[in-house]
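> show me the folded form of this:
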Amino acid sequence: VVYSTDFYGDDTKAAGGFSLEMINPEAACFDDANWTATNNTSGGTPGVQNSVFDNTPDTTAPELNSVEVVSDQQLRVTFNESMDVGSIAAVDFTISGGVTVSDIEIEDEFGISVLLNLSTAFERGTEFTLTISDLSDCTGNTIVSVDSDFFLGATPAANEVIITEIMANPSPTQGLPEVEYLEVYNASSKILTLDGLTLSDLTGTTNLPAVTFAAGEYLLLTSTGNVDEFSGIEVGGVSSFPSLNTSGDSLAIADASDNLIFDVVYSTDFYGDDTKAAGGFSLEMINPETACFDDDNWTATNNTSGGTPGVQNSVFDNTPDTSAPELSSLEVVSDQQLRVTFNESMDVGSIAAADFTISGGVTVSDIEIEDEFGNSVLINLAAAFERGIEFTLTTSTLNDCAGNAIVSVDSTFFLGATPSANEVIITELMANPSPTQGLPESEYIEVYNASSKILTLNGLTLSDLTGTTNLPAVTFAAGEYL
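Here you go, the predicted structure:
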């Protein structure tokens, strides 16, 4: 017997003056549970039947106490009493999903703790079921077939864990605890773990807790000291939780290899409500199931308490986007560069130079996507286009984040040419507008584009006998008056 003070079950008696007595000397197993402190007031029963003697037969089936996941290739099972060690075998343990037990290791002489070694590693992020049957305790009572589920959380890939709520300014409280928090959502189909992930803002980086949560579940993250402020929801305590800037901040979740999982750069513009932006209300993501997480997917909470930490957002709307994207604008940056903007987030990975064609033999050499959502794209041309001529840019085969294809659209552009002699001519003078005959009572000059090109007045001057002034940077077409 290897005894310890734990055998006493009584701290006072363990301190001295009392013996340890075996309860049942007729038992089949002499395990720790068969010992306790004497009940004899003299401190023991030396040489006679113990005061705690009880030889009542054990007729109760053993029970499974716990299943511990040691690794993805090893489990530990513990029972509530001593087992028939000689009968414990690998075949007594079966696992769902085709996972098999290769061998076992009995960790103590009474078989209370058993290691199960698996033939191959099981898949992280998936729940499996361990079934135990045909095992007996020392007395021969057979365990009832019992199932126990186990898993290991998978490390998330990009956009599998997303930030769905930001409480950056909790004061004045509307009913929620007056603390900063972030809510994250498991957007995958797996059980995920935050173990090994980091949370960063503009001032630093901290480790996230080793918690797991299932597909479709929300998890609240807050300072470890504020965890007890919340009840009825899943909360993960974060040491060195970042101080969330009320005016805006850049938040990022990354894995141990610094691969980005999710990021958001929020500002008070996200609220769309100056009153709520002033404090006490959270920012909520509208659709956590979208393909793009752009600025338009955020707004102020509608919940009168100031937010919905740990549960579905009050502004939740997962209505699918079925509208094709539109070209918002075309800007001529220079004679070798154009900028196009779209009215929504685009499928950035599919945007290519071949999606943009230009009339008149002008070719696109390459493109530059100016933001992470593809709303703005720079188009670099192989050569400068001719000034004074109108060209047509055709945009096609582009998709938004949801996969809706843009309708092929044509947009015209040009840069005005600087006029040569007599290509811009003065065709009318109003030197003395008074008394007015019906026109505005102001002096004016009319000019005419006498060329065959689109002309610009940018860089031109107008002079009279008293001085010179710059003309405005306006353009007008051939045959037009200005």
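
> let's verify the most centrally placed residue in the chain: helix, strand, or coil?
Most central in the chain under C-alpha atoms, centre = their mean is Ile162, positioned 1.4 Å from the mean C-alpha point. At Ile162 the chain is in strand, as set by DSSP: H, G, I helix; E, B strand; the rest coil.

> and for the one 3 residues further on?
With three-state DSSP as the basis, the three-state label of Glu165 is strand.

> state the pLDDT value of the nearest residue to it once chain neighbours are set aside.
Excluding the flanking residues, the one nearest Glu165 by C-beta to C-beta, 6 or more residues apart in numbering is Glu183, at 3.6 Å. Quick note: C-beta positions are derived from backbone N, CA and C, even for glycine. Here, the pLDDT recorded for Glu183 equals 98.

> what ranges does the stretch 1-150 of the chain have for its strands?
Assigned by DSSP state E, counting those that start in this stretch, the stretch 1-150 of the chain shows strands spanning 20-22, 35-37, 64-71, 74-79, 93-95, 101-106, 113-118, 128-132, 146-150.

> so for Thr12, which of the ones you listed sits nearest?
strand 35-37 (8.8 Å; C-beta to C-beta).

> what's next to the closest one, contact-wise?
Residues outside strand 35-37 that contact it (C-beta atoms under 8 Å, 6 or more residues apart in numbering): 1, 3, 7-10, 13-14, 18-23, 52.

> about what we covered before: how about the strands of the stretch 1-150 of the chain in JSON lines, adding mean pLDDT, mean neighbour count and distance to Glu446?
Putting the strands of the stretch 1-150 of the chain into JSON lines (pLDDT from 0 to 100; neighbours: other C-beta atoms under 10 Å; distance: least, C-beta to C-beta, whole Å) gives the following:
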{"stretch": "strand 20-22", "mean pLDDT": "97", "mean neighbour count": "19", "distance to Glu446": "116"}
{"stretch": "strand 35-37", "mean pLDDT": "97", "mean neighbour count": "20", "distance to Glu446": "114"}
{"stretch": "strand 64-71", "mean pLDDT": "97", "mean neighbour count": "13", "distance to Glu446": "86"}
{"stretch": "strand 74-79", "mean pLDDT": "98", "mean neighbour count": "19", "distance to Glu446": "91"}
{"stretch": "strand 93-95", "mean pLDDT": "97", "mean neighbour count": "18", "distance to Glu446": "90"}
{"stretch": "strand 101-106", "mean pLDDT": "97", "mean neighbour count": "14", "distance to Glu446": "95"}
{"stretch": "strand 113-118", "mean pLDDT": "98", "mean neighbour count": "18", "distance to Glu446": "90"}
{"stretch": "strand 128-132", "mean pLDDT": "98", "mean neighbour count": "17", "distance to Glu446": "85"}
{"stretch": "strand 146-150", "mean pLDDT": "97", "mean neighbour count": "13", "distance to Glu446": "86"}
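
> so where is the stretch 51-200 of the chain shaky, pLDDT-wise?
Nowhere does the stretch 51-200 of the chain drop to pLDDT under 70.

> hang on, the earlier thing: in PyMOL, select just the buried ones from the contacts of strand 35-37.
A single PyMOL command selects the buried members of the contacts of strand 35-37 (16 or more other C-beta atoms under 10 Å):
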select buried, resi 7+8+13+14+18+19+20+21+22+52
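
> closest one of the contacts of strand 35-37 to Gly310?
Closest to Gly310, out of all of the contacts of strand 35-37 and judged by C-beta to C-beta, is Gly9, at 40.7 Å.

> now do the SS call for Gly225.
Gly225 falls in the helix class when you classify it by three-state DSSP.

> okay, now it: neighbour count?
When neighbours are counted by other C-beta atoms under 10 Å, Gly225 registers 11.

> strands of the stretch 301-450 of the chain, residue ranges please.
Using DSSP E, counting those that start in this stretch, strands in the stretch 301-450 of the chain cover 327-334, 337-342, 356-358, 364-369, 376-381, 391-395, 409-413, 424-430, 444-449.

> list the buried ones in the last one?
So that's strand 444-449. 447-449.

> now distance to Ser71 too, for those residues, in CSV please.
Converted to CSV, the buried residues of strand 444-449 look like this (distance: C-beta to C-beta, whole Å):
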residue, distance to Ser71
Val447, 83
Tyr448, 85
Asn449, 80
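
> now the strands of the stretch 1-150 of the chain in JSON lines, with distance to Ala405?
Below are these laid out as JSON lines (distance: least, C-beta to C-beta, whole Å):
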{"stretch": "strand 20-22", "distance to Ala405": "81"}
{"stretch": "strand 35-37", "distance to Ala405": "77"}
{"stretch": "strand 64-71", "distance to Ala405": "46"}
{"stretch": "strand 74-79", "distance to Ala405": "50"}
{"stretch": "strand 93-95", "distance to Ala405": "46"}
{"stretch": "strand 101-106", "distance to Ala405": "52"}
{"stretch": "strand 113-118", "distance to Ala405": "48"}
{"stretch": "strand 128-132", "distance to Ala405": "42"}
{"stretch": "strand 146-150", "distance to Ala405": "44"}
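
> which of those sits closest to Asn259?
strand 64-71 (22.9 Å).

> what pairs with Phe128 across the strands?
Phe150 (DSSP bridges).

> which residues of this protein fall in helices?
11-14, 274-277 (DSSP state H).

> circling back: ok, so of the contacts of strand 35-37, who is nearest Ala158?
Nearest to Ala158 among the contacts of strand 35-37, with distances taken as C-beta to C-beta, is Gly9, at 53.7 Å.

> so what pLDDT did the closest one get?
pLDDT at Gly9 comes out at 96.

> would you agree Phe373 is in contact with Val348?
Yes - using C-beta atoms under 8 Å, Phe373 is in contact with Val348, at 7.0 Å.

> distance of the residue lying closest to Thr173 once chain neighbours are set aside relative to Ala187?
When the adjacent residues along the chain are set aside, Thr173 lies closest to Gly280, with 5.8 Å between them (C-beta to C-beta, 6+ apart). As for Gly280, its distance to Ala187 is 28 Å (criterion: C-beta to C-beta, to the nearest Å).

> list the beta-bridge partners for Glu21.
In this structure, Glu21 bridges to Thr36 when assessed by DSSP bridges.

> contacts only, for it.
35-38, 44-45, 50-53.

> what's the local residue count around Pro320?
The burial count for Pro320: 11, using other C-beta under 10 Å.

> again, but for Gln437
Count around Gln437 with other C-beta under 10 Å applied: 7.

> again, but for Ile286
Applying other C-beta under 10 Å, I find that Ile286 has 17 neighbouring residues.

> do Phe414 as well
Using other C-beta under 10 Å: Phe414 sits among 19 other residues.

> would you check that it makes contact with Glu390?
Yes - using C-beta under 8 Å, Phe414 makes contact with Glu390 at a distance of 4.6 Å.

> now do the shared contacts for these two.
Ile454.

> what's near enough to touch the closest residue to Gly97 other than its chain neighbours?
Among residues not flanking Gly97 along the chain, Phe128 sits closest, at 5.3 Å (C-beta to C-beta, 6+ apart). Phe128 makes contact with 95-97, 99, 122, 149-151, according to C-beta under 8 Å, 6+ apart.
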